Each structure stands twice: as C-alpha cells, then as structure tokens.
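[1] generate a structure from the sequence data that follows.
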Amino acid sequence: MTTAWVLALAFWSTATARAEQYDLEILTPHNEHIQREFELAFSKHVGKPLKIRWVKQGTGQLLKVLEAQERSVKGGSFGFDVFFGGGVPDHDTAAERGYLEPAGVPDDILKGIPEKIAGVGNFDPKHRWIGAALSSYGVLMNLRGLAQQKLPELKTWEDLGDPRMFSWVVIADPRKSSSVRVSYELILQQYGWEKGWTLLMQIAANSRLIADASSAIPNEVATGNVLAGPCIDFYAYARVAQAGKDVLLYVNPVGGSAITPDPISMLRQPPHREMAQKFITFVLSPAGQSLWVLAPGEPGGPQENALFRLPVRPDVCEQHADKISIKNPYKEAEAGAFRTVDDNLQRSRNLLVSELMGAALVDLHGELKDAWKALIDGGMKPAALEEWKKPPFSEREGLEIAKKLEAGEREARLITRNWTREFKAKYQRVKELGK
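    Numbers count the residues shown, from 1 in each chain. Okay, here's the model as predicted:
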C-alpha cells in the first residue's frame with residue numbers, strides 16, 4: 001500500500017468529523033508564513049476568528065493523495081475545500097480528472113487578472129483554477145561556498161551541468177514537485193529537446209541529493225551542504241533576506257527565465273463551500289494580493305512575515321508602487337525580461353517529463369552519477385560522450401509516448417519499466433567506454 005493511499009484513507013475516513021471541527025480545510029505546498037498571514041488576514045476580512053486546517057505537502061504528492069482518494073469517494077467530496085498553490089500542470093491535471101469545480105469568483109475580481117503573461121494563461125478556460133500569484137524560476141547559489149571551492153558564479157542553466165559542479169547541486173523530484181518541474185521544462189524549451197535532455201542528465205548527475213519538495217532546495221543551498229540548485233523566486237528571496245546578499249545570490253538564467261501563475265482552485269463538493277468561495281475570492285482581490293508584496297506592518301500588509309511573491313494583479317503593483325521594490329511583472333514581460341513559454345507544448349508533455357526524469361534520473365541516481373563521474377575522470381572520451389548524449393527518443397516520438405502514458409496505469413508502468421532497463425544499460429555502456 002502506497003504512502004499516498006494510506007494518507008488518503010486517513011484523510012477520507014475522518015472527513016465528516018473534520019468538517020464539523022473546522023471552518024475551512026486547505027491542501028497546499030505553501031510554507032507556514034504564507035499559511036499564517038492569509039489565515040490572519042482572511043479572518044479579519046470575514047470579521048471573526050476562523051479555524052482553518054492546512055495540510056502541507058508537495059503538489060505532486062497532494063495530487064497523488066487525491067488520486068488515491070478518488071478510488072474511494074468515486075465522484076464525491078474529498079473532504080477538503082481548497083487547493084492553494086503549486087504549479088499549473090497539477091491543477092490542470094486535477095481539473096481534467098474532475099477533481100475541481102469553478103469557485104464562482106465574481107466578475108469584478110476576475111477582470112483585474114490579465115488573460116496571459118509571457119505566453120502562459122493565468123486561468124483555466126472554465127475557471128476551475130485561477131492564478132493566485134506569479135512565480136519566476138532561476139538559480140539560487142551559495143556565494144561563500146562557491147568561493148571556497150574556487151568555483152565561478154552561475155549565470156545560465158548550463159552552469160548547473162558543468163562537470164566542476166559535480167556533487168555541489170541539488171534538485172527536486174519532478175514527480176513530487178510540480179513547481180520545480182517548470183524549471184526542467186524551461187531548460188528543454190531553451191536548449192531544445194536533445195541538448196536540453198542531456199543538460200538535465202548532467203544537472204541531475206551533479207546533484208548530491210534529490211529532494212521531495214522544491215522548498216527543500218533553498219534550505220540545502222543555505223546550509224552549504226550543496227552550493228546551487230534551481231529555485232522558485234520567492235523561496236530564494238526569503239532565504240537571501242535571512243542569510244544576507246553576501247552569502248546567497250538568486251539569478252534568472254540568461255535567456256532561460258520565465259514567469260508562470262501559481263494557482264488556487266476549489267475542490268469538488270467542498271464541505272465548507274461558502275467559506276471556500278469567500279477565501280478564493282479574497283486571495284484574488286486587491287486586499288489578498290497586497291499581502292504578497294507589502295512589508296510586515298504596512299497597512300494592508302502581512303502582520304509578521306514578508307512573503308516575497310509577485311501578485312497576479314497588475315493593479316496591485318501600481319497601487320503600491322511607492323512602497324515596494326518589485327517591478328510590475330507584466331511590464332517586465334512586455335519588455336522581454338522573461339522567456340515566452342510554449343504553454344501547449346508544456347502541457348502536452350508534462351507527465352512525460354516527470355516520469356522520464358523520475359525513471360531515468362531519480363530512481364537510477366546512483367548509476368547516473370557513477371556514469372557521469374567515469375566520463376569526467378576519463379577525460380570525456382568521444383565514444384563515451386557520444387553514448388551519453390544520445391537522447392532516448394526524438395521530441396516528436398516523446399509526444400506520442402506522452403499520450404500512451406496518459407492512457408492508463410498499466411501502459412504507463414510498462415513504459416517506465418522499459419526506461420529503467422534501457423537507462424541502466426546506457427549508464428553501464430558509458431562507464432565502460434569512459435575508462
């Protein structure tokens with residue numbers, strides 16, 4: 001029995017009892033600072049103390065919990081109200097599987113949210129999910145650690161795959177973190193499928209560890225256990241503020257940064273429907289959006305902790321322009337600061353990228369690292385390097401495989417098992433050729 005299934009049983013079996021104990025129940029990958037500030041502000045907004053239950057896990061893990069629960073509830077309530085945060089891919093998946101329903105957000109709130117930013121939609125066409133904040137993706141690095149190891153500052157995604165960074169990188173499992181998965185898609189879109197896949201292999205091979213959640217990456221970099229990793233902007237900014245700009249640095253990779261919405265959605269048949277609708281509406285309102293950008297103590301801002309997020313509403317940036325240091329992300333996008341993402345391509349291969357990286361790079365991480373180390377130690381012998389760079393399939397073939405992965409669990413298991421066998425053999429060949 002999987003962990004997700006055990007958790008799902010526990011959640012579902014106590015749903016009725018919980019519904020009586022709480023005013024609102026939220027699934028989220030958001031950290032405790034975000035949880036607390038929105039709970040305090042929303043309670044003030046409705047005019048009474050609220051008892052809100054927050055269940056925090058990576059978005060990929062939360063989706064697996066919903067998948068497992070679906071086998072029991074079969075179209076019924078999950079016992080939770082709101083899915084707050086994470087990447088677009090998992091909210092898309094949840095919507096397509098019927099786990100979500102429109103929250104009925106008033107038109108006067110929705111009209112303040114532009115349809116797109118840098119090629120990416122800010123909401124589902126049926127409003128089953130809506131962007132609640134914006135996230136950009138870059139690299140967080142430990143400047144002191146890099147200097148001690150006589151390594152240069154990183155400026156591009158390619159720098160994470162540099163052989164000199166062997167054992168100094170951290171990444172997150174894309175099957176468990178949909179947020180960091182966007183970084184991997186950006187690499188594939190910037191460098192193309194063949195070169196991008198090779199770069200993903202090298203970044204994973206340089207990784208000392210692979211985390212379950214994107215929030216673990218800045219923690220590892222800040223401690224100096226590793227020196228760099230792909231990171232969401234707000235996690236990075238929070239850590240930089242704590243450690244100091246002389247210790248940590250966050251950069252948007254040259255030509256490879258993008259900006260995407262961080263959604264909020266209402267789960268199917270929520271036990272606290274009215275409160276869920278009010279909460280989602282509040283988060284998307286100017287009052288809720290102001291919490292992302294204002295300093296603690298500012299009127300309308302958070303009470304205790306800065307949240308370091310980009311609002312999805314441009315009017316909030318303009319309203320507080322004299323109080324905040326961030327620039328209007330929509331104007332930045334118009335000026336070309338962010339890469340325009342092929343949103344359709346990203347959606348079509350979301351599951352493919354997750355499962356391929358999981359099978360080839362995460363589950364076989366030891367074999368991957370051994371092959372890369374043999375290649376480095378052997379001086380990058382041409383035959384070994386050629387084998388290393390061979391893609392598993394073409395981009396077009398990958399899109400066809402993606403359809404098969406989505407067709408059913410049995411087909412998906414067969415495909416991933418084959419990948420495991422093929423990549424084990426590939427890594428062994430690289431080791432032998434690299435000697």
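
[2] would you mark the buried spots in stretch 243-260?
    By neighbour count with 16 or more other C-beta atoms under 10 Å, stretch 243-260 contains the buried residues 243, 247-253, 256-260. Bear in mind the C-beta positions are built from the backbone N, C-alpha and C, glycine included.

[3] quick one: low-confidence ranges for the protein?
    1-20, 325 (pLDDT under 70).

[4] let me see the domain layout of it.
    3-133+261-334, 363-435 (automatic domain parsing).

[5] nearest to residue 177, of the ones you listed?
    domain 3-133+261-334 (4.7 Å; C-beta to C-beta).

[6] following the longest strand anywhere in the chain, which helix or strand comes up?
    Ranked by residue count and defined by DSSP state E, the top strand of the chain is strand 129-142. Once strand 129-142 ends, the next helix or strand along the chain (criterion: DSSP states H and E) is helix 143-148.

[7] list the contacts of that next one.
    Helix 143-148 has contacts (C-beta atoms under 8 Å, 6 or more residues apart in numbering) with 152-154, 168, 224, 227-228, 246-249.

[8] report all helices and strands that the helix or strand following it contacts.
    Per DSSP H and E, the first helix or strand lying C-terminal to helix 143-148 is helix 157-160. Identification of packing neighbours for helix 157-160 by 3 or more C-beta pairs under 8 Å, 6 or more residues apart in numbering; DSSP states H and E yields strand 129-142, helix 178-191, helix 193-205, strand 228-232.

[9] for the residue lying closest to residue 178 once chain neighbours are set aside, give me its contacts.
    Among residues not flanking residue 178 along the chain, residue 87 sits closest, at 3.6 Å (C-beta to C-beta, 6 or more residues apart in numbering). Counting by C-beta under 8 Å, 6+ apart, residue 87 touches 59, 178-179, 181-182, 260, 262-263.

[10] counting by contacts, list what the longest helix along the chain packs against.
    Looking across the chain with DSSP state H, the single longest helix is helix 409-434. Using 3+ C-beta pairs under 8 Å, 6+ apart, the elements in contact with helix 409-434 are helix 350-357, helix 365-377, helix 382-389, helix 395-407.

[11] now the longest strand of the chain: buried residues?
    Within strand 129-142, the residues that count as buried by 16+ other C-beta under 10 Å are 129-142.

[12] related to what we said a few turns ago, okay, the helices and strands packed on helix 409-434, which one's buried deepest?
    Of all those, helix 350-357 carries the top mean neighbour count, a mean of 22, counting by mean count of other C-beta atoms under 10 Å.

[13] by how many degrees do it and helix 395-407 diverge?
    Counting by axes from the mean of the first three to the mean of the last three C-alpha atoms, to 10 degrees, helix 350-357 lies at 100 degrees to helix 395-407.

[14] and helix 350-357 with helix 178-191, angle?
    90 degrees.

[15] centre-most residue in this protein?
    In the chain, the C-alpha nearest the mean C-alpha coordinate belongs to residue 179, at 0.4 Å (C-alpha atoms, centre = their mean).

[16] tell me how far that residue lies from residue 29.
    Distance of residue 179 to residue 29, given as C-beta to C-beta, to the nearest Å: 7 Å.

[17] now residue 340. Nearest residue, chain neighbours left out?
    residue 119 (4.1 Å).

[18] the one you found contacts residue 346, correct?
    No. At 9.7 Å, residue 119 does not count as touching residue 346 under the criterion of C-beta atoms under 8 Å.

[19] those two: which is more packed in?
    residue 346 (24 against 17; other C-beta atoms under 10 Å).

[20] and that one, what element?
    With DSSP H and E as criterion, residue 346 is part of helix 343-348.

[21] sorry, back to before: pick the one among the buried residues of stretch 243-260 closest to residue 196.
    Nearest to residue 196 among the buried residues of stretch 243-260, with distances taken as C-beta to C-beta, is residue 256, at 10.1 Å.

[22] what about the closest residue to the closest one other than its chain neighbours, neighbour count?
    Nearest residue to residue 256, sequence neighbours excluded (C-beta to C-beta, 6+ apart): residue 190, at 4.4 Å. Applying other C-beta under 10 Å, we find 20 residues neighbouring residue 190.

[23] before we move on, back to that, and the buried residues of strand 129-142 as JSON lines, adding distance to residue 66?
    Shown next, in JSON lines, are these (distance: C-beta to C-beta, whole Å):
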{"residue": "129", "distance to residue 66": "13"}
{"residue": "130", "distance to residue 66": "18"}
{"residue": "131", "distance to residue 66": "20"}
{"residue": "132", "distance to residue 66": "19"}
{"residue": "133", "distance to residue 66": "22"}
{"residue": "134", "distance to residue 66": "24"}
{"residue": "135", "distance to residue 66": "22"}
{"residue": "136", "distance to residue 66": "27"}
{"residue": "137", "distance to residue 66": "25"}
{"residue": "138", "distance to residue 66": "30"}
{"residue": "139", "distance to residue 66": "31"}
{"residue": "140", "distance to residue 66": "30"}
{"residue": "141", "distance to residue 66": "35"}
{"residue": "142", "distance to residue 66": "36"}
